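Sequence and computational prediction follow.
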Amino acid sequence: MEGTPFEEAVEVWAGDSARARKVARKKTSLRRDFDICEAQMPKSITEKDYKPVTAKDYMSANLVTLDPDMDILKAVGVLVDKRIMGAPVVDKQGNLVGILSEKDCLQVALQASYHEESATQVADYMNPAVKTVDVNTSIPEIADLFLKLDYRLFAVMKDNRLVGQICRRDVLKALGELW
């Protein structure tokens, strides 16, 4: 009895015709099981069915924001009390004008304690060059930005308005859930 081309190839390779046929049957059975599973799967996933995971899915929308005219020591206290690594600084019109980070606060604390300099306003210590991402930016894109840039969080914008922030921990959580 002649076998399939696969069985014949295994027989030639193995040099043991009885053992080769047994291996070939097992492989053929696995292939048949795979074909059955594949037939039961949807034929294709259309773009409308695929929903990428984006910043809006994992961002913090309940933000603590700071005013640029706020006393810097009060702002440091807010970050410490709320256990947050940074906060967006917004003006009276709600425009994002900077971000105050833990690193900025360390500078304040160092100057106040060692150099006995009086503290001033948030605007004097915040970083005005804020890195932002759009609300529809994908989580993998944000992860890539975190790897390339020295930021711990990004402001999340929609139509040039601050709607949230996303940090490294949020991205790790999202990626962990995608695994």
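Done, it's in.

avg pLDDT for stretch 167-179?
For stretch 167-179, mean pLDDT rounds to 90.

residues in contact with it?
For stretch 167-179, the surrounding residues in contact (CB atoms under 8 Å, 6 or more residues apart in numbering) are 53, 57-60, 85, 139-140, 142-143, 146, 152-154. (C-beta placed from N, C-alpha, C; glycine too.)

which of those residues are buried?
Among the contacts of stretch 167-179, those classed as buried by 16 or more other CB atoms under 10 Å are Val53, Tyr58, Met59, Met85, Ile139, Ile142, Phe146, Leu153, Phe154.

buried sites along stretch 162-176?
Leu162, Val163, Gly164, Gln165, Ile166, Cys167, Arg168, Asp170, Val171, Ala174.

Which pair in the buried ones among the contacts of stretch 167-179 has the greatest spatial separation?
Using CB to CB, the buried ones among the contacts of stretch 167-179 span at most 22.3 Å, a distance reached by Val53 and Met85.

hmm, back to that, with respect to Asp91, which of the buried residues of stretch 162-176 is nearest?
For these, the closest approach to Asp91 (CB to CB) belongs to Leu162, at 10.9 Å.

Now the closest one: which helix or strand?
Assessed by DSSP states H and E, Leu162 sits inside strand 161-167.

With only the CA atoms kept, save that strand in PDB.
The C-alpha trace of strand 161-167 is given here as PDB (Å, rounded to 0.1, in the frame of the first residue of the first chain):
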ATOM      1  CA  ARG A 161      -7.700  70.100  25.000                       C
ATOM      2  CA  LEU A 162      -6.300  68.200  27.900                       C
ATOM      3  CA  VAL A 163      -8.400  65.100  28.600                       C
ATOM      4  CA  GLY A 164      -6.100  62.900  30.700                       C
ATOM      5  CA  GLN A 165      -2.600  61.600  31.300                       C
ATOM      6  CA  ILE A 166      -1.000  58.300  30.800                       C
ATOM      7  CA  CYS A 167       2.000  57.000  32.600                       C
END
